[in-house]
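>>> Next come a sequence and a model predicted from it.
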Amino acid sequence: MTSRPIDMVQPITGPLVDTFGRIADDLRVSVTDRCNFRCTYCMPAEGLPWLPKSEILTFEELVRVIGLFVSLGVKEIKLTGGEPTVRAQLPKLVGMIREAYPDLAMSMTTNGLLLDRLAQPLAEAGLDRVTISCDSLMRHRFEEMTRRDALDRVMQGMQAAEKAGLTPIKLNCVVIAGTNEGEVVDFARFVRETGYEVRFIEYMPLDAEQHWERAKVVSSAQIVDAIDSVFPLIAEGEGNEPATTFRFADGAPGAVGVIASVTEPFCDTCNRLRLTAEGQLRACLFAMSEVDVRGPLRAGASTDELEQLVRAHVWAKWEGHKINHPDFQRPERSMSMIGG
Ligand code: SAM
C-alpha cells in the first residue's frame, strides 16, 4: 500500500488527491441504471427497480459535472451504466461532451447489442473507442450468461465499432468457474485473429442476487497460465490501468489483459472515480459511502462549492477495499447500479 504523505492538509488547488497520495484522474460516468441484458453475475432475470427519469442526471447536468472534474485534472472518462446505449439520444450527449471538452479522452463500456446501429453516430459525435463485454464465443453459453440469445448481434456490433474507428477495441470477459473458464484460450485465439484486446475480469461480489462465492473466482494467474501454455505471452510494462497486459510472443496481433480485483487488488494505484446515474460520487467500486453531487447541483451550488464537496470526498478515500479480509462487507449497490 502507498504511504500517507507527511502533509495531511487537504489541498484546495491542484489535482484530486487522497490521503495516500493517489491522484484521481479517471472518471466512470454512468448514464443510466437500465440494461437490456440480464447477466447472471450482475442482475436478476426480472431486472431491478429502475430509477425514475427525474432522478437521472440530464445531459446538461452531466456536461457541467464532467466539466468540474476536467477542471480538477480528470483526463479520461468512460461512459457506462447499466447499458449506456439504452439512454435515449446518446450520440447527442457524446457530441455535447466533445464540444465542451475537445481534448478529453472519452470511451464507453457497452454490451455491444446496439452498436450495429450506434457505432457510426457515436464515432461521428466524438467518442474515441469502446470496450465491449463478451463472456462467451459460444451461442448457448452466451445466452446462459447474459440471458439473451444475442451473440451474433454483439459480434456484428464489434465489427461496426471497428468499421466506425472506435479502436483499439477491447473486450471485457468475466470468467466464472464451472461456466466459461474453458474458453479463455478460445478468446486468445479470437483476438489473435481480430487484433482486439481481451481483458479477463475476475468475478467480484457485486452481483445483485448475491450468488458470488470465492470458489467461482478464476484467478488471473490461472487464466494467464492457461493461455501461455498454448500461446506464449510477454508481459507489457505496467501503467495506471488495472489490467496487466500481455502480447503474444510470436508477434501475432491482439493482446490479453487480466483484471485481478479479487486475487491481486490494485488499490494502491487506483486512479478511478465513479459517478452513478443519479449523480452520486463513489471513490471506490466497493465504497460504503458516496457523496451526493446532484442535490447541491440542483439546489444551485456554485462551482466552488461543488469542487469542495468533490475534493473532500476524494481526500477521504479509504486505503483499499477489503475483499480479502474476514470483515468484508458488500456495498449496497450492485455493479449495474454503480456503473462498472
Ligand atoms: N452494460 C455495459 C457492459 O456490459 O459493459 C456496461 C456496464 S457493466 C456493469 C460493466 C462491466 O462490469 C461489464 O464488463 C460486466 O461484465 C462487468 N461486471 C458486472 N458484474 C460483475 C461482477 N459481479 N464481477 C465482475 N465484473 C462484473
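All right, it came through fine.
>>> Torsion angles phi and psi at Leu16?
With angles defined as degrees, to the nearest 10, Leu16 sits at phi -80, psi 110.
>>> Which residues are in contact with it?
For Leu16, the contacting residues are Ile23, Ala24, Asp25, Phe69, Leu72, Gly73, Val74, Leu273, Val310, Arg311, Val314, by C-beta atoms under 8 Å, 6 or more residues apart in numbering. All C-beta spots, glycine's among them, are computed from the backbone N, C-alpha and C.
>>> rerun that using 7 Å as the cut-off
Ile23, Ala24, Leu72, Gly73, Val310, Arg311, Val314 (C-beta atoms under 7 Å, 6 or more residues apart in numbering).
>>> and which of those residues is nearest the ligand?
Using C-beta to the nearest ligand atom, Ala24 comes nearest to the ligand of those, at 19.2 Å.
>>> The closest one: neighbouring residues, count only.
22 (other C-beta atoms under 10 Å).
>>> Same check on Thr146?
26.
>>> try the one 4 residues further on
Summarising burial for Ala150: neighbours were counted as other C-beta under 10 Å, giving 19.
>>> same question, Asp116
By other C-beta under 10 Å, neighbour count at Asp116 equals 17.
>>> same question, Phe37
Phe37, neighbours per other C-beta under 10 Å, totals 21.
>>> What strand or helix carries it?
Counting by DSSP states H and E, no helix or strand carries Phe37.
>>> surely it meets Arg148?
Yes: taking contacts as C-beta atoms under 7 Å, Phe37 lies within contact range of Arg148: 5.3 Å.
>>> Identify the residues contacting the residue in the chain positioned nearest to the ligand.
Nearest residue of the chain to the ligand, counting by C-beta to the nearest ligand atom: Gly340, 2.9 Å away. Residues near Gly340 by C-beta under 7 Å, 6+ apart: Thr80, Thr109.
>>> State the distance from it to Asp228.
27 Å (C-beta to C-beta, to the nearest Å).
>>> try Ile323
When Ile323 is compared with Asp228 (using C-beta to C-beta), they lie 25 Å apart.
>>> His313 is in what secondary structure piece?
With DSSP H and E as criterion, His313 is part of helix 303-315.
>>> next helix or strand past that helix?
As assigned by DSSP H and E, the chain's next helix or strand after helix 303-315 is helix 335-338.
>>> so who does the residue nearest to Leu68 when sequence neighbours are not counted touch?
Counting by C-beta to C-beta, 6 or more residues apart in numbering, Leu68 lies nearest to Leu306, which is 5.5 Å off, once chain neighbours are set aside. Leu306 makes contact with Leu68, Val293, Pro296, Leu297, according to C-beta under 7 Å, 6+ apart.
>>> what number of residues lie near the third one?
Same thing as Pro296. Neighbours of Pro296 under the rule other C-beta under 10 Å: 16.
>>> can I assume it sits in a helix?
Yes: according to DSSP: H, G, I helix; E, B strand; the rest coil, the state of Pro296 is that of a helix.
>>> Residues touching the strand or helix carrying Arg274, excluding its own?
Applying DSSP H and E as the criterion places Arg274 in strand 272-275. Contact partners of strand 272-275, identified using C-beta under 7 Å, 6+ apart, comprise 24, 26-30, 65, 281-283, 314, 338-339.
>>> Next: stretch 184-196.
Outside stretch 184-196, the residues that touch it by C-beta under 7 Å, 6+ apart are 137, 169-171, 173, 175, 197-198, 200, 223, 226-227, 230-231, 248, 252-256.
>>> try 8 Å
By C-beta under 8 Å, 6+ apart, stretch 184-196 touches 137, 158, 162, 168-171, 173, 175, 197-198, 200, 223, 226-227, 230-231, 248, 252-256.
>>> Got a quick PyMOL command for the buried subset of those?
Applied in PyMOL, the following selects the buried portion of the contacts of stretch 184-196 according to 16 or more other C-beta atoms under 10 Å:
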select buried, resi 137+158+162+169+170+171+173+175+197+198+200+223+226+227+231+248+254+255+256
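>>> sorry, back to before: name the pair among the contacts of strand 272-275 with the greatest separation in space.
Ser30 and Val314 (17.8 Å; C-beta to C-beta).
>>> Between Phe37 and Arg148, which contacts overlap?
Leu113.
>>> Residue numbers of the stretch 1-150 of the chain in contact with the ligand?
For the stretch 1-150 of the chain, the residues in contact with the ligand (C-beta under 6 Å from any ligand atom) are Cys35, Tyr41, Cys42, Thr80, Gly81, Glu83, Thr109, Thr110, Asn111, Ser133.
>>> ok, which pair from the residues you listed is furthest apart?
Between any two of those, the greatest separation by C-beta to C-beta is 17.0 Å, found for Tyr41 and Thr110.
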